[in-house]
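K.L.:
sequence? don't have it. structure:
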């Protein structure tokens, strides 16, 4: 895992809060944290989605410490598949 991972997105520097890597060091999950009083909205998913334009990970997670959302990317259908829970590292594919 790495925190505050810098990305170059269309000439603009952005930072992912956390990136989880596979054992071969390719990015597998982006995690975005918000303050507890910040509602998890479509804008939050849009933000993490922009980061994923660069990294193309399998999983996206957003959390404000109270509510957590995890989704697996379905690139064939260009959509998110929401999961009931955040998978354990060993169960990630």
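P.N.:
That came through fine. This one's a predicted model, so the numbers in the text were calculated from it and none came from an experiment.
K.L.:
Run a quick neighbour tally on the closest residue to residue 64 other than its chain neighbours.
P.N.:
Spatial nearest neighbour of residue 64, excluding adjacent residues (C-beta to C-beta, 6 or more residues apart in numbering): residue 34 at 4.2 Å. C-betas here are computed from N, CA, C, even on glycine. Look at residue 34: counted by other C-beta atoms under 10 Å, it has 18 neighbours.
K.L.:
Please give me every residue in contact with residue 34.
P.N.:
40, 44, 62-65 (C-beta atoms under 8 Å, 6 or more residues apart in numbering).
K.L.:
of those, buried ones?
P.N.:
40, 44, 62-64 (16 or more other C-beta atoms under 10 Å).
K.L.:
Closest to residue 12 out of the contacts of residue 34?
P.N.:
residue 44 (18.1 Å; C-beta to C-beta).
K.L.:
what's the longest strand along the chain packed up against?
P.N.:
Looking across the chain with DSSP state E, the single longest strand is strand 12-21. Strand 12-21 sits against strand 2-9, strand 27-33, helix 42-55, with contacts defined as 3 or more C-beta pairs under 8 Å, 6 or more residues apart in numbering; DSSP states H and E.
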